[in-house]
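Chemist: Quick one: sequence and predicted model below, then my questions.
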Amino acid sequence: MEKPGQPAPARLTFRRRQRLTHAHEYQRAFKEGLKKVRGPLVVFAAENGLDHARIGLSVSGRVGNAVERNRIKRLLREAFRLGQREMPPGLDLVVTVRPHRALPLAAYSDLLRGASASLEREWQRRWRRVAAPGDGTEGEGP
């Protein structure tokens, strides 16, 4: 319940603009992006030039039947929604899932947060290496 004089807490939503919707967006992440493995998740990341992170999910039939795959996808979307403020802005994250039994939401949140933080650090290292002072490449991306 909201107390008088306090602002309402910001709503955490999962909108279309936070999703990867085209095959070429997935392909760019697979080809040009970085890859990190956390438990049953393989997370690829590529820059998107936006001020927010986006997520795409790839869950193959080897993971289980449709019910199991959809449960895992729902849990991953919810983990992204709840942790969206902690996700690195400007990255497209493509999560592929290896066969496993569905984990609790907290486990997916931790795995996704850990992978995205590691990917962000790696992007920062690459950015500093490419845009090192004095080499004439200031301001260029990886």
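Modeler: Received, thanks.

Chemist: so where do the strands sit in the protein?
Modeler: Counting by DSSP state E, one finds strands in the chain at the ranges 34-38, 41-47, 54-59, 91-97.

Chemist: can you redo these as TSV with distance to residue 106, mean pLDDT and mean neighbour count?
Modeler: (Glycine included, C-beta is placed from N, CA and C.) TSV is the format used below for the strands of the chain (distance: least, CB to CB, whole Å; pLDDT from 0 to 100; neighbours: other CB atoms under 10 Å):
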stretch	distance to residue 106	mean pLDDT	mean neighbour count
strand 34-38	14	93	16
strand 41-47	14	92	22
strand 54-59	18	92	20
strand 91-97	16	92	23
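
Chemist: Of those strands, give the one that comes closest to residue 19.
Modeler: Smallest distance to residue 19 across the strands of the chain (CB to CB): 6.1 Å, for strand 54-59.

Chemist: How far off centre is that closest one?
Modeler: 8 Å (CA atoms, centre = their mean, to the nearest Å).

Chemist: Take the strands of the chain and lay them out in TSV including distance to residue 85.
Modeler: Formatted as TSV, those follow (distance: least, CB to CB, whole Å):
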stretch	distance to residue 85
strand 34-38	19
strand 41-47	17
strand 54-59	14
strand 91-97	14
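
Chemist: Pull out the buried residues from the longest helix along the chain.
Modeler: Assignment by DSSP state H gives helix 105-130 as the longest helix of the chain. Judged by neighbour count using 16 or more other CB atoms under 10 Å, the buried positions of helix 105-130 are 108-113, 115-116, 118-120, 123.
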